[in-house]
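Colleague: only geometry, no sequence info:
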C-alpha cells in the first residue's frame, strides 16, 4: 500500500487507481527506496490481475545470478527422465511481471524481452515449441533520463511506458513522515506481537529534520529495528538513526517550582535581549513587562547589557 496524504502522495494514489483500471503496462520512476514496488503491488491489487501472480525480475542480476534458464525455463534430460524448469515468464502468465531496475537490463536481454512482449510467446531452453504467454508489465527505474539513454532500446521503453508514474522522494513529501512512522510502527508491532508504545509528539520534529538518504525504505528499516530493539511497550529513541530532540522542559523535571520558573524566566529574557541586540526597551515590550522590571530581573539572573 502506498501511504501518505501529501499533495505528491495523493497524485500518485490517483495515478495508481486510474492505471490499475486499464490493462496497460506502466513505468514507475523514483529513487532507491522511494516505494516503487509498493506502488506497483497496489496497482496489482486493484487490477484485473489481482488474483494472478505478481512476479519480480531484478534486472540488475540478469546475466549474473539470474540466468536465461531462470527467465525462460528449461527442458533437460535428468536421471529421472525429462526435467522441466518453469521460468519467471511462465510463472507470471496472465499476471504481473515486475521489472525492477529495468535500466540495468543487459542489451541482449532487452531485445529478447522486447520480442517476447510483442509476440506474446517464447521458447524454453531445450524445447522447440513456442509457449504462449500473456503478461502485463510494470517496470521500475531510478533513471529519470532513461528515454535519453543510448544503451536502452527505444522500442522496449515504448512498450513499457504506456503510463509513466513518478514516485516522489521522501524529502518532497515530508508531511507524510508522521503518517508513515505510525503506519510502519503499527505494522511491525502487529508482526512481532508487541504492545504499541506511546510516541512523544516532539519525536516527529527530529524525524522531519533528518535527511533520509535511503528514502522510505530507510525509514521502514529504522522503525523495524526500533520495534525489535526497544523493550516491549516502550519507545527507546536511542535506536533511531538520528539524535532525538528532547522536549525543552524535560530538564526541569524533578526541580522545585521556584527554581524551574527562574530557569524559564532567565531563558526567555536572554532570548529577548539577544533578539534585539541588547535593546532593553524592545526586549521589555516583547516580554510585556516594564523596563524597570526587566532591569531588576537582569540583575537577579546576572545578565549584563554588554553580553548582548
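Modeller: Sure, I can see it. Just so we're clear, the structure is a prediction, and the values are computed from it rather than from any experiment.
Colleague: and the gap between residue 26 and residue 192?
Modeller: According to CB to CB, to the nearest Å, residue 26 and residue 192 sit 34 Å apart. From N, CA and C alone the C-beta is placed, and that goes for glycine too.
Colleague: these two: who's more crowded?
Modeller: residue 26 (24 against 11; other CB atoms under 10 Å).
Colleague: quick check: that one touching residue 163?
Modeller: Yes: assessed by CB atoms under 8 Å, residue 26 is found in contact with residue 163 at 4.3 Å.
Colleague: now for those two: what residues contact both?
Modeller: Jointly contacting residue 26 and residue 163 under the rule CB atoms under 8 Å, 6 or more residues apart in numbering are residue 19.
Colleague: how about the nearest residue to residue 17, chain neighbours excluded?
Modeller: Distance criterion CB to CB, 6 or more residues apart in numbering; nearest residue to residue 17, sequence neighbours excluded, is residue 46 at 6.5 Å.
Colleague: burial of that neighbour, as a residue count?
Modeller: As a burial measure, residue 46 scores 15 neighbours (other CB under 10 Å).
Colleague: measure it to residue 278 for me?
Modeller: For residue 46 relative to residue 278 (CB to CB), the value is 63 Å.
Colleague: same deal with residue 185?
Modeller: 46 Å.
Colleague: now residue 196
Modeller: From residue 196 over to residue 278 (counting by CB to CB), the distance is 49 Å.
Colleague: helix or strand for the spatially most central residue of the chain, which one?
Modeller: Centroid check for the chain by CA atoms, centre = their mean gives residue 216 as the closest residue, at 1.8 Å. Per DSSP states H and E, residue 216 falls inside helix 215-229.
Colleague: next structured bit after that helix?
Modeller: helix 257-275.
Colleague: for this protein, just list every one of the strands.
Modeller: Using DSSP state E, the strands found in the chain span residues 26-29, 54-58, 74-78, 81-85, 96-100, 121-122, 131-132, 136-141, 163-166.
Colleague: any idea where the helices of the stretch 1-150 of the chain begin and end?
Modeller: Taking DSSP state H, counting those that start in this stretch as the test, the helices found in the stretch 1-150 of the chain are 7-21, 36-46, 68-72, 88-91, 107-119.
Colleague: got the contact list for residue 146?
Modeller: Residues near residue 146 by CB under 8 Å, 6+ apart: 29, 102-103, 152, 157.
Colleague: next one: it from residue 190, what distance?
Modeller: Relative to residue 190, and taking CB to CB, residue 146 is found at 38 Å.
Colleague: do the same with residue 218
Modeller: Residue 218 sits 21 Å away from residue 190, going by CB to CB.
Colleague: so those two - more neighbours on which side?
Modeller: residue 218 (17 against 11).
Colleague: that older thread, who has more neighbours out of residue 185 and residue 278?
Modeller: residue 185 (19 against 15).
Colleague: my read: that one touches residue 223, true?
Modeller: Yes: in this structure, residue 185 is within contact of residue 223 by CB under 8 Å, at 5.6 Å.
Colleague: how is this structure divided into domains?
Modeller: Annotated domains of the chain cover 7-168, 172-239, 254-307 [automatic domain parsing].
Colleague: turn those domains into JSON lines, including mean pLDDT and distance to residue 1.
Modeller: Conversion of the domains of the chain to JSON lines gives the following (pLDDT from 0 to 100; distance: least, CB to CB, whole Å):
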{"stretch": "domain 7-168", "mean pLDDT": "95", "distance to residue 1": "6"}
{"stretch": "domain 172-239", "mean pLDDT": "89", "distance to residue 1": "8"}
{"stretch": "domain 254-307", "mean pLDDT": "83", "distance to residue 1": "44"}
